[in-house]
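S.K.: Take this sequence and fold it.
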Amino acid sequence: MKILIVADEESKYIWDHFDPARFKDVELILSCGDLKASYLSYLVSMIHAPLFYVHGNHDTTYGQMPPEGCDCIEDRLVTFKGLRILGLGGSFRYSPGEHQYKERQMRWRIAKQKPKLWLKGGVDLLVTHAPAYKLGDGEDLCHRGFESFVSFLDQYRPRYMVHGHQHLNYGRNARVRQYKDT
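M.R.: Numbers count the residues shown, from 1 in each chain. Below is the predicted model:
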């Protein structure tokens, strides 16, 4: 399955120079947060594939104006063409605001997913905004990853985890990492 994954920065390749032929095989779009609602609505209307999203720490206007034609998978386990996908958005709490969590809050959000994970037989793809602790995160509090995500990877062993929050211009050049079976 071909999946387009977007996060944090709008791509001029898509936004300004859209060519439908480049995206004809895309079956699913995933947003890992911090993108304008209008951009997500544009993607789903131009690519004609379902778009699932989680919130980033800057997605504060979605409550008043959510992305049209898109599905929020925040704290949900959804199945798409046999692929079990869990969404856990937000970042580590660094200031007052929406979509920011303390470690214990994220651990509680994960604990509430256990019945769904058991009923569905696990998860194939974890979609987050923040990275896992020491797996592509930053040194500052704002960009710190969640230790509970590492525990989640250890326990549920999804095939993939995708996240945003860490832009390539932050000096994080490694885009793909292997952690055990994930």
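
S.K.: Next secondary structure after the lowest-mean-pLDDT helix or strand in the chain?
M.R.: Taking mean pLDDT, DSSP states H and E as the measure, helix 12-15 is the helix or strand of the chain with the lowest mean score, a mean of 84. Where DSSP states H and E defines the elements, the next helix or strand beyond helix 12-15 is strand 26-31.

S.K.: what about that next one, average pLDDT?
M.R.: For strand 26-31, mean pLDDT rounds to 98.

S.K.: elements contacting it?
M.R.: strand 2-6, helix 37-47, strand 51-53 (3 or more C-beta pairs under 8 Å, 6 or more residues apart in numbering; DSSP states H and E). All C-beta spots, glycine's among them, are computed from the backbone N, C-alpha and C.

S.K.: Throw those into TSV and include mean pLDDT and distance to residue 148, thanks.
M.R.: Shown next, in TSV, are the helices and strands packed on strand 26-31 (pLDDT from 0 to 100; distance: least, C-beta to C-beta, whole Å):
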stretch	mean pLDDT	distance to residue 148
strand 2-6	96	22
helix 37-47	95	26
strand 51-53	98	21
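
S.K.: ok so, going back, check the offset of the least confident helix or strand of the chain from the chain's centre.
M.R.: Averaging C-alpha positions (C-alpha atoms, centre = their mean, to the nearest Å) puts helix 12-15 20 Å from its chain's average.

S.K.: How about stretch 1-15?
M.R.: Counting by C-alpha atoms, centre = their mean, stretch 1-15 comes out at 12 Å from the chain centroid.

S.K.: Using PDB, write out every CA atom in it.
M.R.: Taking C-alpha atoms only, stretch 1-15 is exported to PDB below (Å, rounded to 0.1, in the frame of the first residue of the first chain):
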ATOM      1  CA  MET A   1       0.000   0.000   0.000                       C
ATOM      2  CA  LYS A   2       1.300   3.400  -0.900                       C
ATOM      3  CA  ILE A   3       0.900   6.000   1.900                       C
ATOM      4  CA  LEU A   4       1.700   9.700   1.800                       C
ATOM      5  CA  ILE A   5       2.900  10.900   5.200                       C
ATOM      6  CA  VAL A   6       3.000  14.600   6.000                       C
ATOM      7  CA  ALA A   7       3.800  16.700   9.000                       C
ATOM      8  CA  ASP A   8       4.900  20.100  10.200                       C
ATOM      9  CA  GLU A   9       5.800  21.900   7.000                       C
ATOM     10  CA  GLU A  10       3.700  22.300   3.900                       C
ATOM     11  CA  SER A  11       5.400  20.800   0.800                       C
ATOM     12  CA  LYS A  12       5.700  23.200  -2.200                       C
ATOM     13  CA  TYR A  13       6.100  20.000  -4.200                       C
ATOM     14  CA  ILE A  14       2.500  19.200  -3.400                       C
ATOM     15  CA  TRP A  15       1.000  22.600  -2.600                       C
END
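
S.K.: Cool, thanks, talk later.
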